[in-house]
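Asker: Build me a model from this:
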Amino acid sequence: MLAAIGVIAGLLYLWSIARMGMGHPYYSAAVHAMSQSWKAFLFGTTDLADVATLDKPPGAFWIQALTVRVFGYHGWSVLAPQAVETVLAVLLLHRAVRRWAGENAGLLAAAVLAVTPIMVAVARATTADPLLVLVSVAAVYALTRALQQDSTRWLLLSTALVGFGFTTKMLVAWLILPPMLAAYLIAGPASWRRRAQQLAAAAGTLLVASFWWVLVVDLWPGDRPYISGSGDGTARDLVFGYNGFGRLFGGDGGGANATAIVLAGCPGPERLFASQVGGQAGWLLPLCGLLLAAVVVKGVVMWRQGRPARRLTVAGWVVWGGWLLLAAVLLSTAKGLLRPYYTAMLAPAIAAVAGAGSVLLWRWYRSGDPAGWLLPPAVVVTTAWSYVLLERYSSWHPWSRWVVLGLGAGAALALFAVRAAGTASRFPASRGLAAALSVAAMLLGPVVWSAGTTFGPVAPAAAMDPLAGPPALSGIATADPVVTALMIDTRDGKLYPVQEAILDFATANSPSQRIKLAIEGGGVLNTSSYLQHSDQPVVGLGGFLGQDPAPSATELASWVSDGEIRFVAINPAFRSPELAAEARDVTERIAWVSAHCAQVPVASYWAQPPPQDPSSMLLGVPELFDCVAR
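Answerer: Reported below is the predicted structural model:
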């Protein structure tokens, strides 16, 4: 059965993955640089001139860069590792839940994770989330082994894995630490003194595994790239600013780019159920809430009756339930940059709680326990919520919501009838039918969204924001005019002919310059095509979002005077008043280039008239400046 789940997951994640092109264009550009330079590999640099890094640590992209080194730079060599990591997360979740709640719970949890729509979307994209999910599930698996065997070695491995998650996506990896700590304190097999010693060693392992990269970067003795997203070019500011408090509280958050951009709906308890987010990972959220409440009540009743639960059982509910609740709270209340695909971090906990809780509820149902009467209402609630999610996009696979409703009604009636007749243990066939209908009713909705993501048309913004389900979801809007301009179809990452002409002209006329071409505005899409399709040192000024002081206008002037660069390309969109109000460094660099460099006539590198529709050129037709000619 597990093999079948793995095959289904592999099919969903890998089928026609070439349609996704190179994935996220800027992340793929970084992988290109990291595969050619070990220094870029260490820092996560996006260009071969080592000017600026990604806005996160490079851990998530090390595996992709190594794959590209071996197999060459292709879409599948960039994306296939993502899919493989996600399949491994599915299989490892089975192992972790099986040790806690049994084989059936493990199988159901793996199945739920395999068909969770957002997992399909991120498995087919170039983001940090597949590896983050994998190492997080692995950390809980190692913790479970530590609890079973009173093993310090497994405990240290669990915190080391969390630390590796930190080098993947920084503080979000620590989200699972509080429930892990609580589980070990409550259910650890050793004495309190030994537990304290073990946890002290685990804390040391965590800190080393988490911060070694930050220390290496900030203490680097020579020249190093600017850390994009930070306010001062340091990795520590990136940790606590842009990728830390900036994500939670918005504002500047210590990072130049940590503005309050929310792409997943307004903060509040309703966010995880909203149109942009609900269908990504939240199909079983109401079920999980019901299951967790039932487990708590049942546990209190058992405790008062003098029937304590097994130590490992308690630990499992604490770690998986705590993971789910903490992730839900943080995702619901975050005021900074939040994208719907961040809900991938919810998916393993939802799958584990749903799998173990459903099996437990089924056990109560079969044994005649009064708590078993919760099973039919649980199916009804889950089915009703699936219907709501499917109804929101009723023109997309319209049949699915009615089939889900029919399956749910049939399952609930069958469950009520079997239980009321007292035949739950005497007629296995009726039991099996009721169970099959229940699982089908609860999973059909996410299966439809997942299959539609794999086999349906590729959404225009899939490279930027991996989203599952109806193509209409790819039209999420943002108040940021630059981000809005970038939400277009660039999956192939190819240069437009005029861009290719600019690159060829600049490269041919910069024989002694270290940097062949600089593109103002840096940015996710403004520069990525140049970086992807050139083995020469080409840089994007401004870092990941194009607003970093990388370099400042003074540093750019120094590059020119030192003979390191000759040509700078500027897209007209970066002269807009809206951008000038947000990105001082961009406007200062543009002002310096305009004052000190001569604009190259278009006829020098492009014999044809420029495109009439600037929207077909990302942010407009580039203007090329020669900083040596003047």
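Asker: just checking, Arg99 touches Gln148?
Answerer: Yes - between Arg99 and Gln148 there is a contact under CB atoms under 8 Å: 6.6 Å. (Each C-beta comes from the backbone N, C-alpha and C, glycine too.)
Asker: how close does Leu175 get to Ile350?
Answerer: 14 Å (CB to CB, to the nearest Å).
Asker: So the two - more neighbours on which side?
Answerer: Neighbour totals were compared for Leu175 and Ile350, and Ile350 leads with 26 against 23 (other CB atoms under 10 Å).
Asker: Going by secondary structure, the more buried one is in what exactly?
Answerer: According to DSSP states H and E, Ile350 maps onto helix 347-367.
Asker: Specify the next element, helix or strand, located C-terminal of that helix.
Answerer: Using DSSP H and E, the first helix or strand after helix 347-367 is helix 375-391.
Asker: mean confidence for the following helix or strand past that following helix?
Answerer: Downstream of helix 375-391, the first helix or strand assigned by DSSP H and E is helix 399-420. Averaged across helix 399-420, pLDDT comes to 89.
Asker: Give the buried residues for helix 399-420.
Answerer: Neighbour-count burial for helix 399-420 flags 400-401, 403-405, 407-408, 410-412, 414-416, 418-419 (criterion: 16 or more other CB atoms under 10 Å).
Asker: That one - contacts with which helices or strands?
Answerer: When contacts are defined as 3 or more CB pairs under 8 Å, 6 or more residues apart in numbering; DSSP states H and E, helix 399-420 sits against helix 375-391, helix 428-455.
Asker: mean pLDDT lowest for which of these?
Answerer: helix 428-455 has the lowest average pLDDT among the helices and strands packed on helix 399-420, namely a mean of 89.
Asker: Could you dump the helices and strands packed on helix 399-420 into JSON lines and include distance to Gln198 and mean neighbour count?
Answerer: Below are these laid out as JSON lines (distance: least, CB to CB, whole Å; neighbours: other CB atoms under 10 Å):
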{"stretch": "helix 375-391", "distance to Gln198": "38", "mean neighbour count": "21"}
{"stretch": "helix 428-455", "distance to Gln198": "39", "mean neighbour count": "20"}
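Asker: out of the ones you listed, nearest to Ala203?
Answerer: helix 428-455 (37.5 Å; CB to CB).
Asker: Can you check what angle separates the closest one from helix 375-391?
Answerer: 20 degrees (axes from the mean of the first three to the mean of the last three CA atoms, to 10 degrees).
Asker: after the worst-scoring helix or strand of the chain on mean pLDDT comes which helix or strand?
Answerer: Ranking every helix and strand in the chain by mean pLDDT, DSSP states H and E puts helix 481-486 at the bottom, with a mean of 42. Using DSSP H and E, the helix or strand that follows helix 481-486 in sequence is helix 497-508.
Asker: Show residues contacting that following helix.
Answerer: 495, 516-517, 529-530, 533-534, 536, 538, 566-567, 569, 600, 604-606, 610-611, 617, 621-622, 624 (CB atoms under 8 Å, 6 or more residues apart in numbering).
Asker: In its sheet, which strands sit next to the helix or strand just after that helix, and in what direction?
Answerer: Next in sequence after helix 497-508, counting helices and strands by DSSP H and E, comes strand 517-520. Here strand 517-520 has these sheet partners by DSSP bridges: strand 538-541 (parallel), strand 567-570 (parallel).
Asker: Let me see the residues that make contact with the last one.
Answerer: With contact meaning CB under 8 Å, 6+ apart, strand 567-570 is reached by 502, 505-506, 509-510, 516-521, 541, 556, 590, 593, 597, 600, 622-627.
Asker: Need the buried ones from the residues you listed selected in PyMOL.
Answerer: In PyMOL, this line selects whichever of those come out buried by 16+ other CB under 10 Å:
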select buried, resi 502+505+506+509+510+516+517+518+519+520+521+541+556+590+593+597+600+622+623+624+625+626+627
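Asker: Spell out for me which residue occupies the centre of the chain.
Answerer: Asp129 (3.3 Å; CA atoms, centre = their mean).
Asker: residues of stretch 353-370 that come out buried?
Answerer: 353-362, 364-366.
Asker: Max pairwise distance over those residues: which two?
Answerer: Val353 and Arg366, at 20.2 Å, using CB to CB across the buried residues of stretch 353-370.
Asker: Sketch out the low-pLDDT regions of the stretch 451-600 of the chain for me.
Answerer: The stretch 451-600 of the chain contains residues with pLDDT under 70 at 460-461, 463, 472, 474-493, 522-525, 575-583.
Asker: Let me know the secondary structure of Phe625.
Answerer: Applying DSSP: H, G, I helix; E, B strand; the rest coil to Phe625 yields a three-state assignment of strand.
Asker: how far away is the residue lying closest to it once chain neighbours are set aside from Arg19?
Answerer: Among residues not flanking Phe625 along the chain, Cys597 sits closest, at 3.9 Å (CB to CB, 6 or more residues apart in numbering). According to CB to CB, Cys597 and Arg19 sit 41 Å apart.
Asker: Next: Lys494.
Answerer: 15 Å.
Asker: What is the burial count for Val602?
Answerer: The burial count for Val602: 18, using other CB under 10 Å.
Asker: any chance you could read off phi and psi for it?
Answerer: Here is the backbone geometry of Val602 (degrees, to the nearest 10): phi -60, psi -40.
Asker: Domain boundaries for the chain, per the record?
Answerer: With domains defined by automatic domain parsing, the chain comprises 2-228+260-455, 497-626.
Asker: The last one: how far from the chain's middle?
Answerer: Right, domain 497-626. 30 Å (CA atoms, centre = their mean, to the nearest Å).
Asker: so can I have CSV of the strands paired with strand 517-520 showing distance to Leu92?
Answerer: As requested, the strands paired with strand 517-520 are arranged in CSV below (distance: least, CB to CB, whole Å):
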stretch, distance to Leu92
strand 538-541, 37
strand 567-570, 46
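Asker: okay, these, which one's buried deepest?
Answerer: strand 538-541 (a mean of 30; mean count of other CB atoms under 10 Å).
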